[in-house]
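Visitor: next comes the sequence, and after it the predicted model I'd like to discuss.
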Amino acid sequence: MLDKDSIKPVIESLIFSAENAISFERIAGVLEGEDKAVVRAALNELIEDYRTRGGGFFIEEVANGYQFRTNPEFAPFLRRFFKIGLQKISKAAMETLAVVAYRQPVTRGDIEAVRGVDSGGVLATLMEKRFIKIVGRKEAPGRPVVYGTTKEFLETFELKDLSCLPSLKDLKKMEEEYAREEGQGTEEDGAEGPVRAEGGPEGAEGEKHQGSGPDRDGEAPEGEEAGVAGLEEGAEALDSDGEGGGWEEAEEDIASRGAAAGEAPEDNSGGGDNLAEEGRGDDNRGPGEGEREGNN
C-alpha cells in the first residue's frame, strides 16, 4: 500500500500523459489495490499544490475528468507562440450549439424549429470543430440522426459536465451585466430611468409631460399655469346643476393645451363646490380628472 505522498507523483504523471481529461475511476483503476479515499485525498492535494504554486499551468476538473491546463493569464503569449488569433464562433453556430447542449439528444428538425432557419451548414461546422457529434437515431419515421455535445465541448468551455451549464436565469443575469458593462442598460433600467432621473415618485409627473416642452428636470412652469387656467375654465363651464356638457368642452380645452398641471388651487371659486359634487375634484383623491387630462 502506498501512502498519499507516494501516490501524488503517480497521479501527476497519469494526468500529464493522458491525451484527454482522465477520470478519477481511470486513475483509481491504474492504482488498483490502493484505498480510493487515499487516492482521492492525494488527487485533491495535488490540485491544491498547483493552485497555490501560481505557475503557468494547473490541474482542472473538466469533461468528467482531470487535465493540465495553461493559466489564462498567459494566453496572449501562447497565441503568439502558436501564431493563432482568437478563435471566434459565429452567432448562428453559438445558437445551434446552445440548442444542442440544452436539449440533447436533438434532431436537425428540432434545432431548425427553434431557430427558424436551415441549420445544416452550421451543424457541419460544429461537427468539424468536434463540438458536437451524432449520438444515435431517433425512433421516428425516417429515423433521423440525433446530435449531442462532445468531451471537446466540455473542455473548451471549461465545464465539469453538462450539469454545470448555466441556467436560463444565470444567462439572463450575465446578459444584463454585459449590457451594463457595454453602457447599454437593461429593459428594466430603461423603464425605471425617467422616474429615477426626476428624483423619486415626484418624477412620475415629470415623465408624463416629457415631450411637451418641459425642461430637462421635468419642470413646466408655463404648463402649470395653463393647467390651472384650464381647471378654472372647466368650473365656469359647468352650469348651476353641474350638468350640460360643459365639462367635456373644458377637458378638450385642457387637452389642447398639452400642459402638465400642478395641484389645483385651494380657492377654486366659481365652480369648486360643483367639482366636489361631481366627484371630480375630491381633495382626498388628489388632482381631479381635469388636471390629469391636462397632464396628458
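Guide: Arrived safely, thanks for sending.
Visitor: in three-state terms, label Glu34 for me.
Guide: What DSSP: H, G, I helix; E, B strand; the rest coil gives for Glu34 is coil.
Visitor: what about it, neighbour count?
Guide: 19 (other CB atoms under 10 Å). (Glycine included, C-beta is placed from N, CA and C.)
Visitor: element containing the closest residue to it other than its chain neighbours?
Guide: Nearest residue to Glu34, sequence neighbours excluded (CB to CB, 6 or more residues apart in numbering): Leu2, at 5.9 Å. Following DSSP states H and E, one finds Leu2 outside all helices and strands.
Visitor: residues in contact with Leu2?
Guide: Neighbouring residues of Leu2 by CB atoms under 8 Å, 6 or more residues apart in numbering: Val10, Leu31, Glu34, Val38.
Visitor: now do the same for the first one: its pLDDT.
Guide: Val10 carries a pLDDT score of 96 in this model.
Visitor: once you drop chain neighbours, what's closest to it?
Guide: Using CB to CB, 6+ apart, the closest residue to Val10 is Leu31 (6.5 Å).
Visitor: mind listing what the one you found touches?
Guide: So Leu31 contacts Leu2, Ile7, Val10, Ile11, Val39 (CB under 8 Å, 6+ apart).
Visitor: among the contacts of Leu2, name the ones in helices.
Guide: Val10, Val38 (DSSP state H).
Visitor: could the contacts of Leu2 go into TSV alongside distance to Met94?
Guide: Output for the contacts of Leu2, formatted as TSV (distance: CB to CB, whole Å):
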residue	distance to Met94
Val10	40
Leu31	40
Glu34	43
Val38	43
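Visitor: the chain - how does it break down into domains?
Guide: For the chain, automatic domain parsing gives the domain ranges 4-73, 91-164, 168-197, 203-295.
Visitor: show me where the stretch 101-250 of the chain has its strands.
Guide: Along the stretch 101-250 of the chain, the stretches classed as strands by DSSP state E, counting those that start in this stretch are 106-107, 132-137, 145-149.
Visitor: make TSV out of those strands and add mean pLDDT and mean neighbour count.
Guide: Listed next are these as TSV, based on pLDDT from 0 to 100; neighbours: other CB atoms under 10 Å:
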stretch	mean pLDDT	mean neighbour count
strand 106-107	95	20
strand 132-137	95	15
strand 145-149	96	20
